[in-house]
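# quick one: sequence and predicted model below, then my questions.
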Amino acid sequence: MGDGDQLAALLDEQAAFYQAVAAEYDDHALPFAGGGELAAALDAFRPTGSVLELACGPGTWTGQLLRHATDVTAVDASAGMLGIAAARVGRQRVRFVQADVFGWRPDRRYDVVFFGFWLSHVPAERFASFWSLVADCLQPDGRVFFVDDWHRTEEELIEGEGSAVIQRRLTDGTAYRIVKVPHRPEALERQLDRIGWRIKVQPTGGPFYWGSGCAKGLPDLDSPRGT
Ligand SMILES: C[S@@+](CC[C@H](N)C(=O)[O-])C[C@H]1O[C@@H](n2cnc3c(N)ncnc32)[C@H](O)[C@@H]1O
């Protein structure tokens, strides 16, 4: 099996983990304060207009998005997650889409793209193409907001600290390999800057952080340039 096949198998296993964990998702919440600061930062950002939520899960953030947005398109690979999200927030002003984010293409553009606790599950090999998808989903003046964490426990590190592959378990003990990239705010900001994004990434309490910004515009050809 080639490297690409191995990565595809890992991403399939990650999606299978979330499908299996959907019913018990809230039991796996991180035991840290700081989540409230993320919600406050999202309110301050004001995700108005048409909002795309990638990897919406059980609707953790969808209701809060709907308080600001005119409509939300919420994408997730897991039918179980989408079912819980729909039961939680209803279907008024929300379009739920079951799709693999790594293969999905938008059929329109949005004012805001939001993703909660998703970026850390995007492997390095797909980082640039994921952000290219985000760009393709946004209006020219569109904005991005995300929240995430860098937390990984010792026992999850089945390939050591240097690997992004970790192991997560269901309550019944069934183990799955998933991706968890422990981004740190300053390094993530620089990484995004290098691929054309102006995003401020802010740590909050505990292992949490949020990011907000937009794509850097095309260079202004009329402005004076050095040699
Ligand atoms: C850590 S959860 C985050 C859920 C929610 N956004 C939150 O903040 O609680 C990750 C979500 O990504 C979804 N997911 C995993 N792989 C995916 C893929 N390839 N395409 C779309 N969604 C995927 C899972 O089903 C799960 O709902």
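Structure's in. What do you need?

# going by C-alpha atoms from here, please, whenever you check contacts or count neighbours.
Will do.

# which residues sit against stretch 199-212?
32-35, 37-38, 41, 45, 143-151, 185-186, 188-189, 192-193, 213-215 (CA atoms under 8 Å, 6 or more residues apart in numbering).

# for F96, which non-adjacent residue is closest in space?
Once flanking residues are discounted, F96 sits nearest to A74: 4.9 Å by CA to CA, 6 or more residues apart in numbering.

# just checking, the one you found touches V94?
Yes - at 7.0 Å, A74 counts as touching V94 under the criterion of CA atoms under 8 Å.

# just want to know which of those two has more residues nearby.
Between A74 and V94, A74 has the larger neighbour count (other CA atoms under 10 Å), namely 25 against 20.

# what is that one paired to in the beta sheet?
A74 has these beta-bridge partners by DSSP bridges: E53, F96.

# measure the residue nearest to F96 to E154 for me?
Between A74 and E154 the computed distance is 33 Å (CA to CA, to the nearest Å).

# who's in contact with the residue nearest to F96?
When contacts are counted by CA under 8 Å, 6+ apart, A74 touches 52-56, 62, 94-97.

# using JSON lines, please lay out these together with pLDDT.
Below are the contacts of A74 laid out as JSON lines (pLDDT from 0 to 100):
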{"residue": "L52", "pLDDT": "99"}
{"residue": "E53", "pLDDT": "98"}
{"residue": "L54", "pLDDT": "99"}
{"residue": "A55", "pLDDT": "98"}
{"residue": "C56", "pLDDT": "98"}
{"residue": "T62", "pLDDT": "98"}
{"residue": "V94", "pLDDT": "98"}
{"residue": "R95", "pLDDT": "98"}
{"residue": "F96", "pLDDT": "98"}
{"residue": "V97", "pLDDT": "98"}
